[in-house]
Each structure stands twice: as C-alpha cells, then as structure tokens.
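Visitor: Got a sequence here, can you model it:
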Amino acid sequence: MRATLGRLLPPTKLERDLALQSVLSAFATGSFLTGTAVFFTQIVGLSGAQIGLGMSVAAAVALVLQVPMGRLADQLGAKLLWVWASSLEAALYFAWPFIGGLLGFVAMLSVLAVVETAGRNGRNVYRIAVFDRENRVAAMAYQRAARNVGYTLGAGAGGVALGIGTRWAIIAIPLVTGGLLVLNAVMVALTLPAIARTGGAEAPVKEVLQVAPAAWRNRGFVVLAACNGVLSSNQVLLNVVVPLWLVERTDAPQTLLAWLFGTNTVLAVLLQVRASRIADSVEGSLRAVRLSGWAFVVSCLVLAVTHDTVGWISIVLIWAGHVTITGAELWQSAADWGLTSELSDHRRLGDYQGVWGMGYQVEPIIFPALYTFLALQWGTPGWAVIAVIGVAAAVVAHPATRAAQRHLERVGAPVAA
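Guide: Sure thing, here's the model as predicted:
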C-alpha cells in the first residue's frame with residue numbers, strides 16, 4: 001500500500017506543493033461548476049439561452065485578450081501575476097451573489113474569464129520556468145492528475161449544496177469557491193519559490209523582450225497551437241458529444257454516464273504520469289501527438305457503430321470508446337507540455353503561452369456545436385468527419401513543429417533548460 005501511494009505522489013517537495021495547489025484550485029472551481037446552472041437560473045434569474053449567450057461573449061473576450069494576458073507574465077513576472085489573478089478571481093466569486101440581470105452577468109463572466117486567463121498564463125509560465133528540462137513534463141503530469149482529484153472533490157461538494165437545495169445553500173457555492181481561492185492565492189504567494197524573470201535573463205525585462213521576436217512571428221508555433229486546440233477537442237467528445245449520443249442515439253442506459261465519467265477520472269489520475277513519460281523531447285512529444293490522434297480516431301470509429309447495436313454490446317462499445325478518448329486526452333496533454341516547453345522562446349515565455357492558449361480558447365467556441373451537429377445529425381458519416389479532423393490536426397502538427405524549431409534557431413532562442 002505504501003509503495004503504491006509512493007508511486008502516485010510526486011517525488012520532490014516542490015512537485016508535491018504544486019500538486020496540492022492544483023487540488024485546492026480545482027476543488028474551488030469544480031464546486032462552482034457543478035452548481036453553475038442552478039445558481040445562474042435560481043439566483044441570478046437567467047434563462048438557459050441567456051446563460052449560453054453570456055458564456056459565448058466571455059469566451060470571445062478571453063480569446064481577444066489571451067495574448068496580452070500572456071505578455072503580462074513577461075512584464076510582471078509569472079508568480080506575481082499568478083498571485084494577483086488568483087486573488088482577484090476570489091474577489092469576483094465573492095461578488096457573484098450580488099450580480100443580477102443579463103448585463104451584469106455578461107460583464108461579470110467576461111471579467112472573470114480574463115482574470116482566469118491571466119492566472120492560467122502566469123501558472124503555466126511558472127511551471128515551465130521553475131523545473132529543469134528533465135523533470136518538467138512529469139511534474140506537470142502530477143499536477144494534471146491532482147487537478148482531476150480536485151475537480152472530483154469539488155463536484156461532490158457542489159452536489160451536497162445542490163442536494164440541500166435551499167437558496168442559501170446555493171448562494172454558499174460561490175462563497176466557498178472564493179474562500180478556497182483565497183487560500184490558493186496565499187499558498188502560491190507563501191509556499192512556492194520565486195523564479196527569475198523570463199528565462200532567467202540578467203538583462204532588464206524590456207531589453208530582453210526587444211531582442212526576442214513576438215511569439216506570433218513564429219508561424220510554425222501558431223499553427224501548432226491551433227493543431228493542439230483541435231486535438232484538445234477530445235474534451236468536447238468526453239463531456240458533450242458522447243453523453244448526448246448515448247441519450248439520443250443509443251439504447252444504453254443513462255446511468256452508464258456516471259460510470260463513464262468515473263472511469264475517465266480514475267484513468268486520468270492513475271495513468272497521466274505514465275502517459276507523459278514519452279514526451280521528454282520534441283520527438284517524444286510528436287509521438288504522443290500521433291498516439292493521441294490514433295486514439296481519437298479509434299474512439300470515433302467505435303462510437304459510430306453503437307447507433308445500430310443493442311443491449312450489452314452497446315454498453316461495452318460505448319465504454320471502450322470513452323476509454324480511448326481518455327487515452328487521446330492523456331497523450332494530448334503530454335504532447336502539450338513537451339511541445340510548449342521545447343518550442344517556446346524562453347525569453348518570452350508569457351507571450352508564447354498566450355499564443356498557445358488561443359488554441360484552447362477557440363476549442364469551446366467552435367467544437368461543441370460542430371461535433372454535436374456532425375454526430376447527432378449526420379450519424380456515422382459525421383463521426384468519420386470528426387475522425388478526419390483529429391487526423392488532420394495530428395498530421396499538420398509535424399511540419400508545424402519543424403517550422404517552429406527553425407524559427408527558434410534563426411532568432412537565437414536559448415535552448416530550453
């Protein structure tokens with residue numbers, strides 16, 4: 001038992017501290033996400049259409065400001081930005097019970113999206129800068145596994161509040177989230193070590209940024225960020241398309257959904273570190289891209305046939321398809337960490353994280369509607385199109401990676417440490 005626990009826990013104090021921080025922050029946001037629909041409808045007084053509109057506007061605002069929020073990490077320092085953004089995020093959650101009406105909701109959600117983007121960029125730059133090349137990807141994998149644990153705990157806490165069901169219990173959800181985020185900000189500020197600015201350069205930050213070209217000039221990296229955003233759409237399959245497909249197009253019982261999400265969480269916690277081991281270089285990261293692409297395709301092929309199956313065959317195939325999507329998620333995450341670590345100009349880590357994050361910002365805007373339409377309206381041909389989209393992203397990622405490497409060599413970017 002102790003040996004098993006030892007394999008699940010990160011080996012160093014810094015990695016354990018960051019994993020604990022990941023559990024705490026994911027617990028906070030997970031608890032609010034669980035009660036989002038009920039809170040916005042019963043407390044804020046919005047309809048489902050208004051909630052969808054607000055989320056779309058917030059996503060668009062965050063997309064526009066993604067790169068500027070990344071550059072703030074270069075200007076202010078990753079840890080400082082992370083702390084300030086976490087503190088402001090906590091304050092915004094404390095303010096949620098006082099928000100009413102559509103305009104207030106859209107404004108609040110937009111500001112929150114921008115603050116979350118800034119904090120995420122600061123955190124990502126910090127994680128790249130604080131670890132050496134040998135341990136960086138593994139450390140990020142431990143944090144990803146820890147976040148899955150935190151989201152699960154947060155969902156349970158949010159579920160308790162929803163189970164109580166009173167107005168004050170529902171109002172308590174964002175307040176608890178805010179309190180946990182205060183603890184998160186304090187933990188980041190007081191327990192995590194400081195890091196040198198922008199790749200440890202000795203020159204003033206302004207001079208370093210003038211020497212290093214902006215991330216958007218690295219066209220290969222921009223294309224690669226888009227490919228990663230497409231591959232990350234496995235989350236849309238996991239959380240949106242498969243549940244709708246199961247309910248509307250198969251004879252599988254709806255209770256299977258709980259088992260699917262439970263399996264995904266367990267596999268993500270147990271296997272994320274193992275899956276990340278291959279992404280220890282650019283070549284290893286590209287191998288993870290290929291594995292993610294193959295898993296993406298296999299899941300589409302398996303799920304497509306469940307429209308015509310019955311009984312236990314449907315249950316087994318849907319479960320198998322969900323497991324392969326989880327594999328796509330694990331390898332895509334590993335490739336993400338390896339490629340951003342190896343192909344970012346470490347003189348402009350924040351800028352590069354801002355560009356990289358645009359792929360993730362586009363994903364929730366485009367793919368929920370696109371994949372849902374393809375799968376539910378086109379059926380098997382639609383699943384085939386989804387598979388082709390995944391394959392195309394994996395294929396294009398390879399020449400994009402080479403182009404990004406050549407750009408870094410031309411501009412004299414320091415080798416990732």
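
Visitor: ok, how many other residues are close to the residue lying closest to residue 282 once chain neighbours are set aside?
Guide: Ranked by CB to CB, 6 or more residues apart in numbering and with sequence neighbours excluded, the top spatial neighbour of residue 282 is residue 342, at 5.0 Å. Any C-beta I mention is one placed from the backbone N, CA and C, and that applies to glycine too. Using other CB atoms under 10 Å, residue 342 has 24 other residues around it.

Visitor: quick one: buried residues of the helix or strand harbouring residue 342?
Guide: Using DSSP states H and E, residue 342 sits in helix 311-343. By 16 or more other CB atoms under 10 Å, the buried positions in helix 311-343 come out as 314-315, 317-318, 321-343.

Visitor: show me where the stretch 151-300 of the chain has helices.
Guide: Secondary structure of the stretch 151-300 of the chain, counting by DSSP state H, counting those that start in this stretch: helices at 167-191, 205-211, 219-231, 234-236, 242-249, 256-276, 282-304.

Visitor: So which of the ones you listed is nearest residue 408?
Guide: With CB to CB as the criterion, residue 408 lies closest to helix 219-231 of those, at 8.5 Å.

Visitor: Centre of the chain to the helix or strand where residue 87 lies, how far?
Guide: Using DSSP H and E, residue 87 maps to helix 78-95. Distance of helix 78-95 from its chain centroid, counting by CA atoms, centre = their mean, to the nearest Å, is 18 Å.

Visitor: Could you tell me how many residues sit around residue 216?
Guide: Based on other CB under 10 Å, the number of other residues close to residue 216 is 15.

Visitor: In contact with it, which residues?
Guide: Counting by CB atoms under 8 Å, 6 or more residues apart in numbering, residue 216 makes contact with 67, 222, 355.

Visitor: hmm, try it at 10 Å
Guide: Going by CB atoms under 10 Å, 6 or more residues apart in numbering, residue 216 touches 67, 222, 225, 351-352, 354-355, 358.

Visitor: so where's the stretch 51-200 of the chain uncertain?
Guide: Applying pLDDT under 70 to the stretch 51-200 of the chain flags the ranges 197-200.

Visitor: element containing the residue nearest to residue 408 when sequence neighbours are not counted, please.
Guide: Closest residue in space to residue 408, ignoring its immediate chain neighbours: residue 345 at 6.1 Å, by CB to CB, 6+ apart. Under the criterion of DSSP H and E, residue 345 resides outside all helices and strands.

Visitor: How many residues are close by residue 345?
Guide: 26.

Visitor: was I right about it contacting residue 214?
Guide: Yes - with contact defined as CB atoms under 10 Å, residue 345 reaches residue 214; the gap is 9.4 Å.

Visitor: Common neighbours of those two, please.
Guide: 351-352.

Visitor: still on that earlier bit, what mean pLDDT would you report for the helix holding residue 342?
Guide: The pLDDT scores in helix 311-343 average 96.

Visitor: That helix: how far from the chain's middle?
Guide: For helix 311-343 - counting by CA atoms, centre = their mean - the centre lies 14 Å from the chain centre.

Visitor: That one versus helix 282-304: what angle between them?
Guide: 160 degrees (axes from the mean of the first three to the mean of the last three CA atoms, to 10 degrees).

Visitor: can you give me the angle helix 311-343 makes with helix 242-249?
Guide: Between helix 311-343 and helix 242-249, the angle comes out at 150 degrees (the same axes, to 10 degrees).

Visitor: now the stretch 201-350 of the chain, which segments are flagged as low pLDDT?
Guide: Checking the stretch 201-350 of the chain against pLDDT under 70 turns up 201-211.

Visitor: let's see it at 90
Guide: Counting by pLDDT under 90, the stretch 201-350 of the chain has low-confidence residues at 201-212, 239-240, 247, 254-255, 257-258, 261.

Visitor: how much space between the spatially most central residue of the chain and residue 180?
Guide: In the chain, the residue lying closest to the centroid (CA atoms, centre = their mean) is residue 360, at 7.2 Å. Distance of residue 360 to residue 180, computed by CB to CB, to the nearest Å: 23 Å.

Visitor: Leaving out the residues flanking it, which one is nearest to residue 50?
Guide: Nearest one to residue 50, counting by CB to CB, 6+ apart, is residue 102 at 5.3 Å.

Visitor: List the residues that contact the one you found.
Guide: Per CB under 10 Å, 6+ apart, neighbours of residue 102: 44-47, 50-51, 53-54.

Visitor: Farthest pair within the residues you listed?
Guide: Counting by CB to CB, the most remote pair of those is 45 and 53, 14.4 Å apart.

Visitor: List only those of the contacts of residue 216 flagged as buried.
Guide: 67, 222, 225, 351-352, 354-355, 358.

Visitor: Can you pick out the ones from the residues you listed that are in helices?
Guide: Residues of those located in helices (DSSP state H): 67, 222, 225, 351-352, 354-355, 358.

Visitor: Residue 94: which of these is nearest?
Guide: Of those, the one sitting nearest to residue 94 (CB to CB) turns out to be residue 354, at 27.5 Å.

Visitor: can you tell me which helix or strand the closest residue to the closest one other than its chain neighbours belongs to?
Guide: Spatial nearest neighbour of residue 354, excluding adjacent residues (CB to CB, 6+ apart): residue 70 at 2.0 Å. Residue 70 is located in helix 66-76, with elements delineated by DSSP H and E.
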